[in-house]
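**Q** Dropping the sequence and predicted coords here.
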Amino acid sequence: MPYNLTVNGKNYAVDVDGDIPLLWVLRDTIGLTGTKFGCGIAMCGACTVHVDGQAVRSCVTPVVDAAAKQITTIEAIGDTPEGKRVQQAWLDIDVVQCGYCQSGQIMSAAALLAANPKPSDDDIDAVMAGNICRCGTYPRIRAAIKLAAQG
Amino acid sequence: MSIFDRANLALSRRQLLIGASLTGAGLVIGLRPQPSAAATEPFAPNAFIRIPLEGKIAFIMPSVEMGQGIYTAVAMMLAEELEVGLDQVVLEHAPADPKQYANPLLGDQITGGSLAIRGIYEQMRKAGATARIMLVSAAATDWGISPDACKAEAGHVIETGGSRRAAYGSLIAAAASQAVPQEVPLKAASSYRVIGKPVRRLDSPEKVNGTAKFGIDARPQGVSYAAIAICPHFNGKLRAVDEAPAMAVKGVAQVVRIDEALAVVANNTGAARKGLAALSIEWDPGPSATVSQAELERRMDAAIDGEALRHINEGDVAKAEAEHGPVHEFIYRMPILTHSTMEPMNCTVHVRPDSCEVWVGTQVMGRARQVAADVTGLPVEKVVVHNHLLGGGFGRRLDVDGVILATKIAKQVAGPVKVTWSREEDIRHDCYRYLNYSKVTATLGPDGMPVSWRHRVIGPSVMARWLPAFTKDGIDLDQMAGAESPYQIPNRYTDFARHEAPDGMLTGNWRGVGATRNIPPIEGAIDELANAAGIDPLDYRRRLLQHKPRLLAVLNLVAEKASWSTALPEGKGRGIALTEDFGSFAATIAEVSIGEDGRFRTERIVCAIDCGQVINPDTVEAQIQSGVVYGLSAALYGRITVENGAVVEGNFDDSPVLRIHETPPIEVHIVPSTEAPGGIGELGTPGVAPALLNAIHAATGKRLRTLPIDQTDLRRV
């Protein structure tokens, strides 16, 4: 039975098993490759997307659980006020290096700011500790979130 | 002097031959004009620049982008001399073509060893200048004036003091018919317009909006998706499997068997992974099945006092030891490490009867093409490799095992197939930084300063496999990089005790290469000797570096910036480490505190570096921070273990890496310089672990010589 997904405001009917992680449906079935695979066990955050505004790890989210909900990926996060501010701050601070983890970092940061517009260092740590960056962009991620929080 | 400096000498003749065959005597590689067939053909005066009639100028990148900022730096170097703005260009990955895109220092199309800018700084500026001279010459001829009466600016040739101006695009046909200049004068550093100024990375926008394409994002028409299981045991084989449970999964099309692995192919990676998980695979574990971590460590310990090959022998160490004694001995033990790039290994391959296409992110384009040719049996010119952005390199993508594996699988699949390794496969089948031990022995003179220094390096020879030109008489020159230490010690002796990983366990290059192995024992030992002499470790190093002004300068700068002379309260400590490699110099001070629980916290890392001429200062800061985080991660957590001939760890749960809440403030101070540019991608990594070990000693009196750092109880002894 196909599942109906709403991704970035567009509707897709996808014919996959319900337990297939949303990540692979986004990347392979729909072709939105901005969301990345990193670990498959929700330990690295590279696959972070928003489902009904909440940050989730799409590598462990069965597609059946995301059906009929609003899914937002990195490709459209700039349409939200927090996402736009975060992306701009990422450019202003020049956060990225290899860039592979940054979709997930930005999705986590946008969700953080949506829930907590003025996060403290501890707030940033608590949320962003779920996103690994092997290039070590952490100091700039912290700075960029603070910049984005200034509006 | 780093390994790569030495190797360059060895390679120079071969390099000259490559250059001569391509360009004729006296010309730099790649500066051969490509005659334009028609007026609308883009002007491509060399392999790095393509100027179209209209629209943006294409810069073709000889090095690959894995986060180190090289694409932006290459564009800056080309733009500097071509006289265009960075907003007037687009960047392209180079094709696999080692003749055109070899790094002159490596003689191959390789991005690694922090050698990119060192190798191409002059080449890129000359490429830009050559194109500009030909464009100016074209305009001057058209206007009937001397080229000296023209200048180039922002993609235009302008009549100096006159009113005529021509866009580069309008000059392409005429420029292509100009003589290629034999003399290509380059700007003095003092007149740089782009180089040395902070520039925003050109690859940032696509990396923040999800459109950047990494190898794993390749989606050629008709692609299918494979999940793989590689035999977990070194050199093991696939024995048997019942394919039915995988084939029953919706979307699964095929199970592919090769000698050492099995792949499930489906219409999406999730279905392929589900199919793979449904299988009970029988492996033939092979001859290494009994190998355990304890056994590997015993073998390394035995090798410490085994046979070794002499490398450096200055003065008379034995005599100094006999005269001065006692001999201080320090043994440092370093673990097996993974790279754990954020983008797991992957490769997409389409094998056709008469050709092969490969989509991958690799540090070794030419090798990727070659192995695809080898596996398919096709001539190398029938293989096309599409390079991509790399989701981290760190040395992992200097090996092409992933290309070999994917091509073997693709031979059995109709149409292109994307092979994506799980994180578990990525960690259990890395090209590991293997166990590396060091034994340093030294004697002190009456003034407490060292008079003899021996350093035995025990570890595998990666270069014997990976780049034999970097070996000499059985010695791996990368393993021995800097083992003699930068310090002024009259009698020095180094040797190499080659000790390989078990058969089938691939060992490779890891960020910081030789320096990350040798700096921890060197900087630990120097610190211990300073302690033994009762001399402040900063002052001790200063006295031993009077012959190294650039290293001394970064040491003095870091001491000032980290307030070395200001005492710290009880339970805190600072440690220093110096790195001289990659044509650059770094001094690192770590400041730690010990908590009530006996664990330490890194309060702050301060770095002072001299990397010669800076291309993009913002990138230099980012790369040093990056190297520090990578080193910190390894110092705290990096340790792979082996049981039953297989790697035990498999994901970020049991093989953790540093996260944001564990990352201290990292200060980077750059010494201004117009010396030749040095490398920066690896410069920050080697000094982190020894600076931490030395800081822990300063805070606790405990001297740790084994990595990763054992946090069991660091309370003061």
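**A** Thanks, I have it.

**Q** Which parts of chain B belong to which domain?
**A** Using automatic domain parsing, the domain ranges for chain B come out as B:3-208, B:215-286+B:345-420, B:294-336+B:432-700.

**Q** Which of the ones you listed sits closest to A:N116?
**A** A:N116 lies closest to domain B:294-336+B:432-700 among the domains of chain B, at 15.7 Å (C-beta to C-beta). Every C-beta, even on glycine, is put in place using the N, C-alpha and C of the backbone.

**Q** Start and end of the closest one, how far apart?
**A** Terminal residues of domain B:294-336+B:432-700 are spaced 29 Å apart (C-alpha to C-alpha, to the nearest Å).

**Q** And that domain, how far out from the chain middle?
**A** With C-alpha atoms, centre = their mean, to the nearest Å as the basis, the distance from the averaged C-alpha position of domain B:294-336+B:432-700 to the chain average is 17 Å.

**Q** re earlier: output the domains of chain B as JSON lines; include the columns mean neighbour count, mean pLDDT and distance to B:R715.
**A** Below are the domains of chain B laid out as JSON lines (neighbours: other C-beta atoms under 10 Å in any protein chain shown; pLDDT from 0 to 100; distance: least, C-beta to C-beta, whole Å):
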{"stretch": "domain B:3-208", "mean neighbour count": "19", "mean pLDDT": "85", "distance to B:R715": "38"}
{"stretch": "domain B:215-286+B:345-420", "mean neighbour count": "21", "mean pLDDT": "98", "distance to B:R715": "34"}
{"stretch": "domain B:294-336+B:432-700", "mean neighbour count": "21", "mean pLDDT": "97", "distance to B:R715": "5"}
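
**Q** Now distance to chain A too, for those, in a markdown table please.
**A** Formatted as a markdown table, the domains of chain B follow (distance: least, C-beta to the nearest C-beta, whole Å):
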| stretch | distance to chain A |
| --- | --- |
| domain B:3-208 | 3 |
| domain B:215-286+B:345-420 | 3 |
| domain B:294-336+B:432-700 | 3 |
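
**Q** Helices of the stretch 101-250 of chain B, start to end?
**A** B:116-143, B:172-176, B:204-208, B:244-247 (DSSP state H, counting those that start in this stretch).

**Q** swap in chain A?
**A** A:22-24, A:63-66, A:81-93, A:102-115, A:121-128, A:138-149 (DSSP state H).

**Q** avg pLDDT for the third one?
**A** This points to helix A:81-93. What helix A:81-93 shows for mean pLDDT is 98.

**Q** now the fifth one
**A** Predicted confidence along helix A:121-128 averages 97 (mean pLDDT).

**Q** Just checking the distance from it to the centre of its chain.
**A** Centre to centre, stretch against its chain (C-alpha atoms, centre = their mean), the figure for helix A:121-128 is 16 Å.

**Q** Just list the residues touching the nearest residue to B:I230 once chain neighbours are set aside, thanks.
**A** Leaving out its chain neighbours, the residue that sits closest to B:I230 by C-beta to C-beta, 6 or more residues apart in numbering or on different chains is B:A261, at 4.3 Å. Counting by C-beta atoms under 8 Å, 6 or more residues apart in numbering or on different chains, B:A261 makes contact with B:I228, B:A229, B:I230, B:C231, B:L238, B:L405, B:I409.

**Q** Tell me the bridge partners for B:A261.
**A** Note on B:A261: beta-bridge partners by DSSP bridges are B:I230, B:I258.

**Q** before we move on, back to that, identify, out of the helices of chain A, the most deeply packed stretch.
**A** helix A:22-24 (a mean of 28; mean count of other C-beta atoms under 10 Å in any protein chain shown).

**Q** now for the contacts of B:A261, which pair is the farthest apart?
**A** B:C231 and B:I409 (14.2 Å).

**Q** May I have the one helix or strand B:V451 maps to as CSV, with CA atoms only?
**A** Secondary structure from DSSP states H and E places B:V451 in strand B:450-459. C-alpha atoms of strand B:450-459 as CSV (Å, rounded to 0.1, in the frame of the first residue of the first chain):
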residue,chain,number,x,y,z
PRO,B,450,69.8,16.5,26.5
VAL,B,451,73.1,15.3,25.1
SER,B,452,71.7,12.1,23.5
TRP,B,453,68.4,11.1,21.9
ARG,B,454,67.3,7.8,20.5
HIS,B,455,63.9,7.3,19.0
ARG,B,456,62.7,3.9,17.9
VAL,B,457,59.5,3.9,15.9
ILE,B,458,57.5,0.7,15.9
GLY,B,459,54.7,0.3,13.5
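
**Q** helices or strands up against it?
**A** Judged by 3 or more C-beta pairs under 8 Å, 6 or more residues apart in numbering or on different chains; DSSP states H and E, strand B:450-459 is in contact with helix B:293-304, helix B:317-324, strand B:436-444, strand B:491-498, helix B:513-533.

**Q** Turn the ones you listed into TSV, columns for distance to B:P335.
**A** Shown next, in TSV, are the helices and strands packed on strand B:450-459 (distance: least, C-beta to C-beta, whole Å):
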stretch	distance to B:P335
helix B:293-304	9
helix B:317-324	29
strand B:436-444	9
strand B:491-498	18
helix B:513-533	11
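
**Q** what's the spacing between B:V184 and B:R132?
**A** As judged by C-beta to C-beta, to the nearest Å, B:V184 and B:R132 stand 9 Å apart.

**Q** go on, B:S224?
**A** 47 Å.

**Q** Ok, A:Q88 next?
**A** On the measure of C-beta to C-beta, A:Q88 and B:R132 end up 35 Å apart.

**Q** Break chain A into its domains for me.
**A** A:3-72, A:77-149.

**Q** Among the ones you listed, which comes closest to B:A73?
**A** It's domain A:77-149; of those, that one is closest to B:A73 (C-beta to C-beta) at 13.0 Å.
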